[in-house]
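Undergrad: Need coordinates for the below:
(one chain, ligands or ions: 1)
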Amino acid sequence: MNLSTRYLGLRLKNPFIAGASPMADDLDTVRRLEDAGAAAIVLPSLFEEQITREQLAGLALEAHCESTAEALSYFPAAADLPHGPDEALERIRKVRAAVEVPVIASLNGTSEGGWLRYARLMEEAGASALELNVYALATDPLESGEEIERRTVAMVQAVKAELEVPVAVKLSPFYTALAHFVRDLERAGAGGLVLFNRFYQPDLDVEGLDVERTLHLSDSTELPLRLRWLAILAGRTKVSLAATGGIHTARDAVKAVMAGAHAVQMVSALLRRGPEYLRLVRDEMESWMAEQGYEEVEQMRGALSLARCPDPAAYERANYAQILQTWRAPAGW
Ligand SMILES: Cc1cc2nc3c(=O)[nH]c(=O)nc-3n(C[C@H](O)[C@H](O)[C@H](O)COP(=O)(O)O)c2cc1C
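TA: Presented below is the predicted three-dimensional model:
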């Protein structure tokens with residue numbers, strides 16, 4: 001059985017990647033992930049605010065820095081974060097030395113600026129590729145969707161200018177015209193997309209008058225949103241596609257690949273069940289493929305994509321109209 005795939009120009013021995021998470025903070029866990037079959041390992045993100053904070057340290061915060069200073073005042077203090085910029089680079093070197101599979105570094109930020117120079121340092125430290133996570137909420141009434149997209153495109157161009165290795169952009173699903181934006185990202189030099197960021201969803205503590213910051217791990221119900229966009233984008237973009245969010249079983253992985261993914265990233269399932277769970281999922285995928293008569297992952301990829309559908313939007317509307325007709329009143333209702 002040939003599970004190998006190409007993602008971001010890298011030859012991976014199978015489609016299973018350990019996604020960005022604290023798992024890679026521990027070298028023993030990193031080795032366990034590789035032993036369990038992880039084909040690549042994404043490191044936790046280094047945040048723009050961590051870098052700019054370090055760059056601002058020692059400088060008097062002058063008037064032009066005020067908005068940055070305010071933004072930083074919400075951000076966790078360096079002591080509360082496991083790794084500053086230098087430690088993040090050191091972690092890349094250590095993980096690189098500990099495993100043979102590709103190591104993908106991650107930068108997380110929203111604006112173009114000097115902080116993006118860390119991309120090059122990450123490559124020099126041994127990253128085989130870089131994930132640029134553009135986690136952000138559009139809260140500014142004066143900034144249009146087009147401006148936000150332009151800013152992200154400029155970030156990708158700036159990062160590409162620093163790097164030889166490929167860049168994947170980790171996006172949220174909340175763009176008005178995702179297919180158009182993806183085209184712009186591709187033109188800017190993105191080599192891949194990681195679909196999608198999961199948004200942290202705060203709840204409210206109405207007695208304590210506070211925000212509840214609870215970490216909810218995902219389950220497979222989050223996958224269909226990814227499947228939809230993988231299926232729409234496969235065949236409409238040349239960049240590599242990775243699914244993140246809701247990959248918990250071999251069946252989830254098969255669905256993502258059939259929708260068009262080159263790779264799938266797992267985090268919540270591994271955090272919940274441990275690194276060795278990856279081996280079980282990989283083995284189950286292999287068994288399922290054998291049962292179904294597939295010999296290679298490449299034979300399945302895109303089998304359920306909308307690459308040949310001339311009008312995915314019309315198809316979506318038709319599905320929507322049909323699904324609404326399936327509701328039936330329960331007996332005794
Ligand atoms: C504890 C934790 C830490 C994470 N840290 C990062 C991070 O540093 N950078 C990043 O891009 N994503 C991070 N993520 C998001 C995951 O990489 C992944 O995209 C998300 O959890 C969805 O995948 P899943 O359903 O397999 O969990 C983190 C997720 C969790 C649960």
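
Undergrad: for the nearest residue to D210 once chain neighbours are set aside, helix, strand, or coil?
TA: In space, and not counting its chain neighbours, D210 is closest to L204: 7.7 Å by CB to CB, 6 or more residues apart in numbering. For glycine as for every other residue, the C-beta is placed from the backbone atoms N, C-alpha and C. Assigned by DSSP: H, G, I helix; E, B strand; the rest coil, the conformation of L204 is strand.

Undergrad: Give the next helix or strand downstream of the worst-scoring helix or strand of the chain on mean pLDDT.
TA: Least confident helix or strand, the chain: helix 66-74 with a mean of 65, by mean pLDDT, DSSP states H and E. Scanning forward in sequence from helix 66-74 by DSSP states H and E, the next helix or strand is helix 85-98.

Undergrad: Distance from the chain centre to that following helix, please.
TA: Its chain's C-alpha centre lies 20 Å from the corresponding centre of helix 85-98 when counted by CA atoms, centre = their mean, to the nearest Å.

Undergrad: Could you export that helix as CSV, CA atoms only?
TA: C-alpha atoms of helix 85-98 as CSV (Å, rounded to 0.1, in the frame of the first residue of the first chain):
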residue,chain,number,x,y,z
PRO,A,85,11.6,34.1,19.8
ASP,A,86,15.1,32.7,20.7
GLU,A,87,13.6,29.6,22.4
ALA,A,88,11.3,29.1,19.4
LEU,A,89,14.4,29.0,17.1
GLU,A,90,16.2,26.7,19.5
ARG,A,91,13.2,24.4,19.5
ILE,A,92,13.2,24.1,15.7
ARG,A,93,16.9,23.1,15.9
LYS,A,94,16.2,20.5,18.6
VAL,A,95,13.2,19.0,16.9
ARG,A,96,15.0,19.0,13.6
ALA,A,97,17.8,17.0,15.2
ALA,A,98,15.4,14.6,17.0
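
Undergrad: Show me what counts as buried in that helix.
TA: P85, E87, A88, L89, R91, I92, K94, V95, R96 (16 or more other CB atoms under 10 Å).

Undergrad: which residues does the residue nearest to D210 form a beta bridge with?
TA: Taking DSSP bridges as the rule, L204 bridges to V211.

Undergrad: which residues touch it?
TA: D210, V211, E212 (CB atoms under 8 Å, 6 or more residues apart in numbering).

Undergrad: And the pLDDT at it?
TA: As predicted, L204 sits at a pLDDT of 94.

Undergrad: Give me every residue in the stretch 51-200 of the chain lying close to the ligand.
TA: For the stretch 51-200 of the chain, the contact set with the ligand under CB under 6 Å from any ligand atom comprises S106, N108, N133, K170, R198.

Undergrad: returning to what we had before: and of the buried residues of helix 85-98, the nearest to the ligand?
TA: Among the buried residues of helix 85-98, A88 lies closest to the ligand (CB to the nearest ligand atom), at 10.2 Å.

Undergrad: which residues sit in contact with the residue in the stretch 101-250 of the chain that the ligand sits nearest to?
TA: Going by CB to the nearest ligand atom, the ligand is nearest to S218 of the stretch 101-250 of the chain, at 3.2 Å. Contact analysis of S218 by CB under 8 Å, 6+ apart lists R198, G245, G246, H248, V267, S268.

Undergrad: contact partners of stretch 140-159?
TA: Against stretch 140-159 from outside (CB under 8 Å, 6+ apart): 107, 109-112, 116, 119, 130, 132, 134, 136, 138, 167, 169, 175-177, 181, 184-185, 187-190.

Undergrad: Tell me which entries of these lie within helices.
TA: Using DSSP state H, the subset of these located in helices is A119, F181, D184, L185, R187, A188.

Undergrad: The second one is in contact with Y175, isn't it?
TA: Pointing back at F181 there. Yes: between F181 and Y175 there is a contact under CB atoms under 8 Å: 5.0 Å.

Undergrad: which of these two has more neighbours?
TA: Taking other CB atoms under 10 Å, F181 and Y175 do not tie; F181 has more neighbours (19 against 16).

Undergrad: Could I get the contacting residues of that one?
TA: For F181, the contact set (CB under 8 Å, 6+ apart) comprises E149, T152, Y175.

Undergrad: again, only using 7 Å
TA: Contacts of F181 were listed using CB atoms under 7 Å, 6 or more residues apart in numbering, and they are E149, Y175.

Undergrad: now do the one 3 residues further on
TA: For D184, the contacting residues are E149, V153, taking CB under 7 Å, 6+ apart as the criterion.

Undergrad: Show me the beta-bridge partners of A18.
TA: In this entry, A18 is beta-bridged to I41, M266, by DSSP bridges.

Undergrad: Run a quick check on it versus A38, I expect a contact.
TA: Yes: the criterion here is CB atoms under 7 Å, and A18 meets it with A38 at 4.4 Å.

Undergrad: What sits closest to T244 if chain neighbours are left out?
TA: Sequence neighbours aside, Q265 is the residue nearest to T244 in space, at 4.1 Å (criterion: CB to CB, 6+ apart).

Undergrad: Share the number of residues neighbouring the one you found, please.
TA: Other residues lying near Q265 total 27 when counted by other CB under 10 Å.
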